[in-house]
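Asker: below are the sequence and a predicted model; questions follow.
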Amino acid sequence: QVQLVESGGGLVQAGGSLRLSCAASGRTFSNYAMGWFRQAPGKEREFVTAISRSGATTIYADSVKGRFTISRDNAKNAVYLQMNSLKPEDTAVYYCAARTGVFSASSNGYDYWGQGTQVTVSS
């Protein structure tokens, strides 16, 4: 089992920045690829970004490319999401997720999920 706890969400004005953190406990963190997903009210959960087990490879949704950066620190059992140039359409609950094997943009392959952290971007 892997337990994931997100933090760092909040209210920010458009154009601002936030840094989300996801702390992991349980199994060996470096065995898991990590992803960030988000879900806005009335919408389906969508992929944001993912990072490989080593941190060497990342992928991003087109909607956040160039604005968001995912990173991880395997020594601290944590993954981060730096969000810059935030837009009102980024408003959502953000979830981190863990999966064994290769990282993926599909939520179906993720075995463990955090409880989510709310990000609200005002215009």
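Answerer: Thanks, I have it.
Asker: where do the strands sit along this protein?
Answerer: Remark: strands assigned in the chain by DSSP state E are 2-7, 10-13, 18-26, 32-39, 46-51, 58-60, 68-73, 78-83, 92-100, 112-113, 117-122.
Asker: just name the most buried of the ones you listed.
Answerer: Mean neighbours per residue, mean count of other Cβ atoms under 10 Å, is largest over these for strand 32-39, with a mean of 24. Placement of C-beta: from N, CA and C, glycine included.
Asker: that strand pairs with which strands, parallel or anti?
Answerer: Sheet pairing here is set by DSSP bridges, and for strand 32-39 it gives strand 46-51 (antiparallel), strand 92-100 (antiparallel).
Asker: residue nearest the centroid of this protein?
Answerer: Centrality entry for the chain: nearest residue to the mean C-alpha point is Trp36, 2.4 Å, by Cα atoms, centre = their mean.
Asker: hmm, back to that, do you know which of the strands paired with strand 32-39 lies nearest Thr58?
Answerer: With respect to Thr58, and counting by Cβ to Cβ, the nearest of those is strand 46-51 at 4.9 Å.
Asker: alpha carbons of that closest one, in PDB - could you do that?
Answerer: C-alpha atoms of strand 46-51 as PDB (Å, rounded to 0.1, in the frame of the first residue of the first chain):
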ATOM      1  CA  GLU A  46      -8.300  14.800 -16.500                       C
ATOM      2  CA  PHE A  47      -4.600  14.100 -16.800                       C
ATOM      3  CA  VAL A  48      -2.200  17.000 -16.000                       C
ATOM      4  CA  THR A  49       1.300  15.600 -15.900                       C
ATOM      5  CA  ALA A  50       3.300  12.500 -15.000                       C
ATOM      6  CA  ILE A  51       6.900  11.700 -14.100                       C
END
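Asker: name the surrounding residues that touch it.
Answerer: Outside strand 46-51, the residues within contact range by Cβ atoms under 8 Å, 6 or more residues apart in numbering are 33-39, 57-61, 64, 68, 70-72, 79, 81, 94, 103-107.
Asker: ok so, going back, nearest to Val12, out of the strands paired with strand 32-39?
Answerer: strand 92-100 (12.6 Å).
Asker: other residues contacting the closest one?
Answerer: In contact with strand 92-100 (Cβ under 8 Å, 6+ apart) are residues 2, 4, 6, 9, 20, 22, 24, 31-40, 43, 45, 48, 79, 81, 107, 109-119.
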